[in-house]
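Peer 1: Sequence and computational prediction follow.
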Amino acid sequence: DTGVSQDPRHKITKRGQNVTFRCDPISEHNRLYWYRQTLGQGPEFLTYFQNEAQLEKSRLLSDRFSAERPKGSFSTLEIQRTEQGDSAMYLCASSLGRGKNYGYTFGSGTRLTVV
Amino acid sequence: AQKITQTQPGMFVQEKEAVTLDCTYDTSDQSYGLFWYKQPSSGEMIFLIYQGSYDEQNATEGRYSLNFQKARKSANLVISASQLGDSAMYFCAMRPRQGGSEKLVFGKGTKLTVNP
């Protein structure tokens, strides 16, 4: 069990470019979550997958954002036509289920800077 | 809608002393879960403790305990015997236990600094 891995750790991109982040959850975890955290704020929910099905999306997830989990294992989060307001830490988490015995395990995040 | 309020932007504590981090919440749900997470400068969110809304006893995990007062809608985190490694951001969060939503709602966090 190597925990939740996120790649890259840091990404600097020019406004208007597309970026893609990857998340590898703990292997036996069927639930995967994406959160966004801006400076001085707590994480905000973006989306949730159970296996390969995307079951919940936040209104924060605009048309420029898309997430996939094609085989129920790793997930990607793509941002098209990046804007300066997209600069944030993008956190991925995974879990086996709900309840106190199934706390989320978070990765270390991908820090995106849009210049 | 659910909301978490953490009114202490920063807290200072001497090593080996206890500290309480405040958290109040607002929800119309009858069944929900409350979480505390620690975020060191590395960025990873580390799960500390969980309290279910129907749990009759306050949760404890090692040096962490949760002072749950349901009528006041508060879920304060108590850290006993503070250590230098406890210096970090601390976030309170909640999630409905029933229904389909998996969304965790977080507060803005409290920055804890432990002084030697």
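Peer 2: Structure received.

Peer 1: so where do the strands sit in the chain?
Peer 2: If you meant another chain, say so; for now it's chain A. Secondary structure of chain A (DSSP state E): strands located at A:5-7, A:10-13, A:19-24, A:31-37, A:44-50, A:53-57, A:65-68, A:75-79, A:88-95, A:105-106, A:110-114.

Peer 1: right idea, wrong chain: chain B
Peer 2: Using DSSP E, strands in chain B cover B:3-5, B:10-14, B:19-21, B:24-26, B:32-39, B:46-52, B:60-61, B:64-69, B:74-79, B:88-96, B:105-106, B:110-115.

Peer 1: partners of the fifth one, with directions?
Peer 2: Counting by DSSP bridges, the strands paired with strand B:32-39 are strand B:46-52 (antiparallel), strand B:88-96 (antiparallel).

Peer 1: same thing with the third one?
Peer 2: Using DSSP bridges, the strands paired with strand B:19-21 in its sheet are strand B:74-79 (antiparallel).

Peer 1: Can you tell me the number of residues neighbouring the closest residue to chain B within chain A?
Peer 2: In chain A, the residue that lies nearest chain B is A:G42 (3.1 Å; C-beta to the nearest C-beta). Bear in mind the C-beta positions are built from the backbone N, C-alpha and C, glycine included. Neighbours of A:G42 under the rule other C-beta atoms under 10 Å in any protein chain shown: 22.

Peer 1: Rebuild the strands of chain B as a markdown table, extending it with distance to A:Q80.
Peer 2: Converted to a markdown table, the strands of chain B look like this (distance: least, C-beta to C-beta, whole Å):
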| stretch | distance to A:Q80 |
| --- | --- |
| strand B:3-5 | 31 |
| strand B:10-14 | 37 |
| strand B:19-21 | 39 |
| strand B:24-26 | 35 |
| strand B:32-39 | 28 |
| strand B:46-52 | 32 |
| strand B:60-61 | 42 |
| strand B:64-69 | 41 |
| strand B:74-79 | 39 |
| strand B:88-96 | 29 |
| strand B:105-106 | 26 |
| strand B:110-115 | 34 |
